Structure formats: C-alpha cells, structure tokens
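Q: Model the following, please.
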Amino acid sequence: MANFMAALSFKLEHTDLATKARTGKITTDHGEILTPIFMPVGTAGSVKAVTQQQLEKEVKAQIILGNTYHLYLRPGLEILEAAGGLHQFNGWHKPILTDSGGYQVFSLANNRKLTEEGALFQSHIDGSKHLFSPEKVMDIQRIIGGDIIMAFDECPPYPSDYAYAKKSMELTHRWLERCFKRFNETPDKYGYTQNLFPIIQGSTYKDLRTTSAEFIASQNATGNAIGGLSVGEPMEMMYEFTEHCCNILPVQKPRYLMGVGTPWNILECIALGIDMFDCVMPTRNGRNAMLFTSNGVINIDNKKWEKDFTCIDGGIDCEMSSYYSKAYLRHLMKSKEYLGLTIASVHNLAFYMWLVAEARKHIVAGDFKSWKEAMVAQLQHRL
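A: The predicted model follows:
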C-alpha cells in the first residue's frame, strides 16, 4: 500500500443534492486548485500558441499539463534538470501535472513493443529506441518536476476483447506496484512535494472496471484517475463507466477523468462526480477554426461570419473574447496569420475555464442539475 507524506490535500466543500457533482479545493506547494477544474494541455512544456502570461491572465488557468514522453525526448532530462525542473524552464509557477507516457503506449502502438518490463518506444523524432519502465517513468517525472505525477499504465484501445482488456489491466496493476515502490524510494527533487496518482483501467467491461477501481482505491493515494475512456467508445458508455468508477473511488480524494473532452462531456461528468479534466480539444479545435462559445459551436471559417463584427463571445470572462470580432478572427484564419491561432486557442481555453467556474457556482447555489441540462443543449447547438 502506498504511503504519502504529501503536500497535496483535497477539501470537499459542496455536494449537489440532485446529482453527484461536487466542489472542492486541492492544495499543492505551487498553489490552490478550485474544483471542478479543466487543465490545459502543454504537451512539450507549452500550451500551443498561448503564452504563460495569457494562460494566467486571460485563460485563468490554475494548473497545466506536461507530457513525460515528449519532454523526455525534447528538450531532454539534462536540460530540464539544469533548469531546475519544468516550472523554472517554462516560467509557469502554478501547479503542473505530468502524464506518464501511458497514453503514448496507446497512441504510438505502431512504434512500441510492450513487455512485462515496460514499453520500448521508437522516437518519432530520430528513430532512437527507449525503454520506459515504471521505475524509469517515476525517475523521469521526478526530474520534470510535476506537482502531480501519473502512474505508468497501458491504455487499451477500443474495442478490446475481454482477454486483452483483462491482461492489460493486470499489467497496469503490476506496473502500479512498481511505480509506488520507486516513488516511495526516491525523494522530492526541487524542494516541493510531488504526488503520485494511480489510474483505473479495464476497458468497457464492468467487472474489470470494478476490480481496477477497488485496487486503485486501496492504494490510499492523494488522488485517483480514470483512464482508458474517450478512446472511441460511445458517449453513453463513457458516462456509464465514469459513474461506475466514481461510485467506488473514495469520496475524500480528487477524481481525475483523463482526456475528456467536449464542453458537454465535461458537464455530464461533473454531474457524475469528476473533479479534474484535461483535453487537447480546446486548442486543437481552435487551431482548426472551431470555437466553443456560451451560445454554441462556431466554425469561424464559414462565410456567414465574414461581416459579423460582434465579439467572439461577450458572455465569458475573457478580454480577448470580447475584444476581437468574429469577422476579424475569420480574416486571420483565412490569411493563415499566427495571431488567429492564438486568439482562437485563448478563447476556447478561457471558455472551458469559464464553464467549470460556472458549474462550481451552480453546485454551490444548489441549482446545478437544471442549469447543466439547459447548458448541455445550448452548447451543442451549431451556430
């Protein structure tokens, strides 16, 4: 069983009576995180097209992500360690969560070989080979310096047959025991506490999810994650297994649903008891002209916005969204001006942050369920 002397703490503040939505406060050595929270993804130490100043002032991000696989390959551990960790290297002084590289076991399936020892990767940069074992992944994340570091797991594809899903889950559990052993043997690196979150797997099989959730809950970690969802399964299935895992995970620990998702996915999963989310969707879709707004979804490439001089979205708390017009942003995107990518990315991220902050307000006010149902319908509307 894992045993922590951790700075990370979670205070559960409000629970909605009509749903399982809740608000809370995560405290780390790099600051507080009010939940429910969305975490912008900065894969290679940068949230694409967005500066750290914009993340803090415009987006109002409270925590961002870095990716172990990508940061390990470039800039590499020597540079990160010499800088004093990722916080010092990229100038982001709020909390950072590092993904273990487990998702790359899934997404780079053609470039890796899986064994009991770990995952042998072929670098997408230069073709060199690298073995990621649970122990090595803990060491790498110590050096990167995340406040929250993730266990090394295998994320099975959807669909997976039962035998494969079971074998994969059992491998993830064995790897987890090795992660905890290495984590507990090694000190925090840069004078602040790092915290290890384990990950539930089990594909879309209820008995496997039950087994995995019970095993993860038994580890007594400071927080817990649900992985292996939003990988192609039907949306209703994602909700079903999210709820099932939340029913097993401890109430007094933060719950992190990895890689989810659309604004409506996030609201539905908040209602099921999830506290933390991450996804590349707001920035990736923004760079491809798709805007999420408080009134619905906009494809800014469409000619209908050519002479629309109203602001992108005056309904959210973001100066950039209320300053620039739809027509101007469309012009930038059509002209392939880099500023367009920044405006779209900042807007979408600020919208996601606004959305989870609004959810928090409505959970506290006691009318979350009715607000959520109205918002889910509104947000999916194509403008």
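
Q: in stretch 164-183, what's buried?
A: Across stretch 164-183, burial judged by 16 or more other Cβ atoms under 10 Å covers 165-166, 168-173, 175-180, 182-183. In this view, the C-beta of every residue, glycine as well, is placed from N, C-alpha and C.

Q: contacting residues around V59?
A: P40, V50, C318, V346, L349, A350, M353 (Cβ atoms under 8 Å, 6 or more residues apart in numbering).

Q: Which residue, neighbours along the chain excluded, lies closest to the last one?
A: When you say that, I think you mean M353. Counting by Cβ to Cβ, 6 or more residues apart in numbering, the nearest residue to M353 once its immediate chain neighbours are dropped is K60, at 5.1 Å.

Q: how about low-confidence regions in the stretch 101-250 of the chain?
A: 105 (pLDDT under 70).

Q: So the spatially closest residue to G145 that is not a sequence neighbour versus G191, what's the distance?
A: Counting by Cβ to Cβ, 6+ apart, G145 lies nearest to G85, which is 2.8 Å off, once chain neighbours are set aside. G85 sits 10 Å away from G191, going by Cβ to Cβ, to the nearest Å.

Q: what about those two, which has more around it?
A: Comparing G85 with G191 by other Cβ atoms under 10 Å, the one with more neighbours is G85, at 21 against 9.

Q: Give me the phi and psi for the more buried one.
A: Note on G85: its backbone torsions stand at phi 100, psi 170 [degrees, to the nearest 10].

Q: Contacts only, for the spatially most central residue of the chain.
A: Centroid-nearest residue in the chain, with Cα atoms, centre = their mean: D278, separated by 2.1 Å. Listed by Cβ under 8 Å, 6+ apart, the contact set of D278 reads F38, M39, P40, V41, L65, L97, Y256, M258, G259, V260.

Q: if I look at it, how far off is K304?
A: Shown here: D278 relative to K304, a distance of 32 Å by Cβ to Cβ.

Q: Surely S9 and E32 touch.
A: No - with contact taken as Cβ atoms under 8 Å, S9 and E32 are classed as non-touching, separated by 9.9 Å.

Q: Would you mind listing the residues touching both of these two?
A: Listed contacts common to S9 and E32 are I26; contacts here mean Cβ under 8 Å, 6+ apart.

Q: quick one on the thing from earlier: select from the contacts of D278 every entry located in strands.
A: F38, M39, L65, L97, Y256 (DSSP state E).

Q: For the stretch 251-383 of the chain, which segments count as strands?
A: In the stretch 251-383 of the chain, the segments counted as strands under DSSP state E, counting those that start in this stretch are 255-257, 276-278, 290-293, 296-299.

Q: looking at those, which is buried most?
A: Between the strands of the stretch 251-383 of the chain, strand 255-257 has the highest mean count of neighbours, a mean of 26, where neighbours are mean count of other Cβ atoms under 10 Å.

Q: List the buried residues of stretch 200-215.
A: 200-205, 208-213, 215.

Q: need the residues you listed in CSV with secondary structure and distance to L229, can you?
A: As requested, these are exported to CSV (DSSP: H, G, I helix; E, B strand; the rest coil; distance: Cβ to Cβ, whole Å):
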residue, secondary structure, distance to L229
I200, strand, 9
Q201, coil, 10
G202, coil, 10
S203, coil, 9
T204, coil, 8
Y205, coil, 13
L208, helix, 13
R209, helix, 10
T210, helix, 15
T211, helix, 16
S212, helix, 12
A213, helix, 12
F215, helix, 17
